[in-house]
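Chemist: Build me a model from this:
(2 chains)
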Amino acid sequence: MSPSLLLGVAAATPRFRTPHIDYLSILPILIMMGGAVAIVVVSSLVRRQLRTGVGTLLAIVTSLAALGASLTQWADVADHGAKVTIAGAVAYDGFSVFIQVTVSIAMLLTVLVGDGYLRREDVGGPELYVLALLSASGAMVMGSANDLIVIFLGLEIMSIALYVLAAFNHRRTESGEAALKYFILGSFSSAIFVYGIALVYGATGSTNLPEIADYLSKNVVASNGVLLAGLALLLVGFGFKIAAVPFHMWSPDVYQGAPSPVTGFMAAVAKAGAFAALLRVFVSSFGAERADWQPIVWALAILSLVVGAVLALSQRDVKRMLAYSSINQAGFILLGVQAADGRGVAASLYYVFVYTFMIIGTFAVVTVLARTGDRGHDLSEYRGLAKRQPLLAGALAILLLAQAGVPFTTGFLAKFQVVAAAVDAHSYALAAVAMASGAIAAFFYLRVAIAMYSPAGASGDDASHEPAGAAGAGVGGEAGSAGSGSPAGSGMADPVGAAGGRGGAVGVAAPGVAMLSLQVLTDEAPSPEVAGRTVPVPALAATALGLAVAFTVVFGIVPAPIVDFAHRATLLFL
Amino acid sequence: MLHVTALIILLPLVGFAVQLFFGRRLADPLAGAVATIFVAASFVVAVGVFVDLLGVHAAVRSFTQVLWTWLPVGGLHVDIGFTVDPLSMTMVLFVTGISALIHLYSISYMRGDKDFPKFFLYLNLFVASMLILVLADNLLLTFVGWEGVGTCSYWLISFWFTRDSAASAGKKAFVYNRIGDAGFLVAMFLTFEKVGSLNYSVIFSHLHEIGSGNITAIALLLFVGAVGKSAQIPLFPWLADAMEGPTPVSALIHAATMVTAGVYLMCRINPLLHAAPDASLTVASVGAATALVAGTIAATQQDIKKVLAFSTVSQLGYMMLAVGTGAYEAAIFLMIAHAFYKGLLFLGAGSVIHGLHDNQDLKRMGNLRRYMKLTFWTFLVATLAIAAVPPLVGFWAKGDVLDAAYARYPVLWVVGIIAALFTAYYITRLTALAFFGEDRWRDHRPHGVGSDVAGGHDAAAGPPHESPWPMTVPLVVLAACAFFGGVLSLPWYAKGTLLQWVDPVFGANLYNAHQSAGMLWTLGVVDAVVAVIGVTVAYRIWATRSEHPQLEPAFLQKAWYINEAFDFAIGRPGTRLAAFTATVVDNRVIDGAVNGVAALVRGTGGALRRVQSGYVRNYALAITVGIVALLGFMVTRLWWS
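Modeler: Predicted structure coming up:
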């Protein structure tokens, strides 16, 4: 199905005053919104406050229904091809369905994590689910939107719900502060985004993406300053949502302040929605103008990669660290955008999809470990976790290693693909910077992993010997564990050692970096009251975590189905 | 059964997972039993696949099971695929068989160790990795197994990591292997660059397109990897230090299986070697030199396991000689024979060490034949086998290697024969010191030199005792193999032998000496005479007296000062470089740069620091700056377009 052919079809479609609405094509969006409404209705019908379990059940059913509908649509699109519906405002193609699948899964995992959080924090009420479902529907709209105005609608539906979600835990002042910052800056960026739309409309006479592309292909604008300014402002809007440097400043504060399950949701869903729209608008509609916007994306990618990695190094708060690491990851995804071809889009989609599992799984552990009050985010809280709760520590270690890009996880292939796409697009410097930043990033992921596998009450010197398995990954490890280095820590340290060893061997994780992290760790003293206490892991959160880890490992070893999924999503791309 | 090939690997891998999750609950000794069952099951499946493979016509006896695509990224397409052909099948059979026996042996040997389940965890993972290495249908997957066995080897050498020597021996092995792995990696890069694939069959079918220079380069780079893994000159010192690991580990990993991976890799890439005669000659020369040098070192060592370690290095040298000669089937035959008798020697040594309460010093043994009858007789079989006394397996295997060398590189044959003399000498010296002479252990116990087992054995004094059945059964089985193993390939009976079985894999690449029967007889007699001379001389010297300082020069005891040479050439300059880095580079250059950057940040980036202040207005300002920058860029586009 070639784009030009479809464009022709779209242009020839007669216009009606009230467009025919193909409800089936937006079914997952309707399910998400309907579920949200249903939960509100049910909660208002019962006399007392709705029990958390009921809300959870409804939200899970809704997410599963949306997932099922999306997968059915996938089959439908594969059989009958892509189309535009609702007066050209919505694209119904592999790309949009892919994003809907991603968002549905993110929603499902978030509900599973959120249930335990709601019970523990006793902030009650199903509003978390209502807002998250609405936000998810917004992200889905962004993925399906075929019109700049519709993208803006999706963006606002998603964002406004996120602002409230960030403020959800009214007992934490940080939560409110985060929400307010996010709201103010979000409004600011939305305004700029709308201005960008206006400029593009002014230059091309349309907000509809195929029409814009059509106009640009037929007319050579001698002085297209308005259009270029519009593109720049659109990029600012997207850059804000994906937290690309220099539009990232809100993200550490908001990630830290927002309730932990919401942070995971935000990192996954907001990225998915924003990247979907970014890819569709720029690669598909403004593909001909790539020479104008590619350098900007290039610069945003470099800045995000470097700033995210470097600033994450100095964080002691794990949620802040994950915020910066997520900026770094956004930089990686931008590599695929910058390549601006089918391969780059497929690589970016794959990245977004597997990152959803990694980041929500990671925040599942963060949520559980934070204990009542959602405060235990300091690195010292993670010390000795492997001794207390080996499975929890093992799961987090796998997810962190996946984010670091260690082979046999989905994270490895994600990084590999975007870097390969960048190399194919001859962006060698960008690829080199990405790999270097990946090595730096390995440092702070391993730092958390090593903290978990260090004894809780040990002084600094002991800690430096314990994780020699990771340090020994290369020649550089020699000096780091001079004297007596345990080959792999003790007991449950094995998985980390194994994975760390592999990673070093293949050359993704720089051994010297691992070594450095050992030394940094030595000055950290754990808070004594934490040592020796286990945290309860709710069954649903454990399920979410299990799903995330299983996905990350299984499809890290057998990557073809997901790679193929992402690849086909781009083939069926309008 | 061919379609269950993957099961051969899966079983030990499942065993590993079981150990990982339930090892501590299963505990001692059940964890060991479970691990053994998984490996034994893998052997049974391997036999099934083998029988099936026999049913296939010899010309098409190769089956590849592709499970899934591992890396489907653009031009790089790598499958998780496993190839069963006579070569890999032979390796699989003996790897799983020997592994099962050594697992069984370890249950008893490791009894009482506080990390008993962890030992079997590593051991199962090792077997799985080794099988991946052997069965992989492409270089990258081979490399995964290659790294897997290396990592397991590292963990197992430093299994008793509380001992400094064990911890540093593990690191030493890891570092030496890194050097080899670098060669392997570059070989892969070069192969992918030139062929566009890492799949063996694709590489071999495109050989004529890539030029002989590239073929030689790839073969030699892979040989660098093999030199590291198979402990050839100059990367062999790590293997001697690797004896810090528990004895079953030495037997399984550092004698029978992992160290032969380099030889296997060389056999696997036989079309490359065939097309690169220079590379072949290099391989053969390095192999012959290693056989001789390591043989001389083994003749003077005092630690029973060090003798065996250098003996392994020497035997690996013979295998490389065979590979370089093009006599791949002789290399494989020697590899199997070596797995039998060297495994047996190590397990026997373990039994001795066990019986003497962790004494490894040969000079403090003696006359053990009276106390450990079964160990003695099996050890004797192994001794005669490795010394190449007919009709034991070593005679036939080493004979094949030397016959081919005589025909192709006569000079290397001479080196090999001298090495054979040393082989017979050092192994008889070992046996004589341990099992004959006086009861020297009486005076010295219980102060052993390097104590092998960290704890668990009863420290109570008493005469050496025979080991329990899980330790003796493997001894008997291996002794039978070492005695009768020669039937695998007899020179006058070609049908159904190993030669005929692995022949199709190598085809025309196999070197055929076309030696007459008379010549073969003559060479055989020479081999036998050399072996008998070595055995006799060593027995007469060492059976009665344990001290002959003139026969143990420090030069050989110190392994030709190779460690010192490395220390001088690499270690000390490295240390100096580190010191220079610490004092000069770090203090002046790096600190200077850091301070400079800090000053830069303070000076010009003061605003930037204030931006991440928590104030929304500052964040909005940063966004605005970004907007201005983006618009500014667009303005330049406008002007310059």
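
Chemist: The closest residue to B:L26 other than its chain neighbours: what's it in contact with?
Modeler: Excluding its sequence neighbours, the residue lying closest to B:L26 (Cβ to Cβ, 6 or more residues apart in numbering or on different chains) is B:V34, at 6.0 Å. Just so you know, the C-beta spots here come from the backbone N, C-alpha and C atoms, and that holds for glycine as well. Contacts were defined as Cβ atoms under 8 Å, 6 or more residues apart in numbering or on different chains; by that measure B:V34 touches B:15, B:18-19, B:26, B:120.

Chemist: One more pass at 7 Å, please.
Modeler: B:15, B:18, B:26 (Cβ atoms under 7 Å, 6 or more residues apart in numbering or on different chains).

Chemist: From A:D214, how far out is the first one?
Modeler: The spacing between B:G15 and A:D214, counted by Cβ to Cβ, to the nearest Å, is 62 Å.

Chemist: what's the single longest helix in the chain?
Modeler: All of this refers to chain A. helix A:173-204 (DSSP state H).

Chemist: that's the other chain; I wanted chain B
Modeler: Max-length helix for chain B by DSSP H is helix B:5-55.

Chemist: could you point out which element follows it?
Modeler: Going down the chain from helix B:5-55, the next helix or strand is strand B:63-73, by DSSP states H and E.

Chemist: So is that next one next to chain A?
Modeler: Yes. Counting by Cβ under 7 Å from any Cβ of the partner chain, chain A is contacted by strand B:63-73 at B:68-69, B:72-73.

Chemist: Can you give me the pLDDT of B:V526?
Modeler: For B:V526, the pLDDT comes out at 91.

Chemist: Now it. Its backbone dihedrals?
Modeler: Phi and psi for B:V526, reported as degrees, to the nearest 10, are phi -60, psi -50.

Chemist: got it, and B:G112?
Modeler: Main-chain dihedrals, B:G112, degrees, to the nearest 10: phi 90, psi -10.

Chemist: Count residues in the vicinity of it, would you?
Modeler: Neighbourhood size, B:G112 [other Cβ atoms under 10 Å in any protein chain shown]: 14.

Chemist: tell me the centre residue of the chain?
Modeler: Let's take chain A. Nearest to the mean C-alpha position of chain A, by Cα atoms, centre = their mean, lies A:A268 at 3.1 Å.

Chemist: I was thinking of chain B, sorry if that wasn't clear
Modeler: Central residue of chain B (Cα atoms, centre = their mean): B:V259, 1.6 Å from the mean position.

Chemist: what does the model give the nearest residue to it once chain neighbours are set aside for pLDDT?
Modeler: Excluding the flanking residues, the one nearest B:V259 by Cβ to Cβ, 6+ apart is B:S230, at 5.3 Å. Looking at B:S230, its pLDDT reads 92.

Chemist: Ok, A:L7 next?
Modeler: The model reports A:L7 with a pLDDT of 53.

Chemist: Over to B:G287?
Modeler: Looking at B:G287, its pLDDT is 94.

Chemist: quick one: secondary structure of it?
Modeler: Three-state call for B:G287 (DSSP: H, G, I helix; E, B strand; the rest coil): helix.

Chemist: burial count for it?
Modeler: B:G287: 32 neighbours (other Cβ under 10 Å).

Chemist: That one and B:M320 touch, don't they?
Modeler: Yes. Under the criterion of Cβ atoms under 7 Å, B:G287 makes contact with B:M320 at 2.8 Å.

Chemist: Which neighbours do those two have in common?
Modeler: The contact sets of B:G287 and B:M320 overlap at B:Q232 (Cβ under 7 Å, 6+ apart).

Chemist: list the contacts for B:K342?
Modeler: B:255-256, B:308, B:312, B:315.

Chemist: okay, stretch A:352-359 in CSV with CA atoms only?
Modeler: The C-alpha coordinates for stretch A:352-359 follow below in CSV (Å, rounded to 0.1, in the frame of the first residue of the first chain):
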residue,chain,number,x,y,z
VAL,A,352,8.9,2.5,22.6
PHE,A,353,7.2,-0.9,22.9
VAL,A,354,9.8,-2.7,24.9
TYR,A,355,10.6,0.4,27.0
THR,A,356,7.0,0.3,28.1
PHE,A,357,7.6,-3.0,29.8
MET,A,358,10.9,-2.1,31.2
ILE,A,359,10.0,1.2,32.7
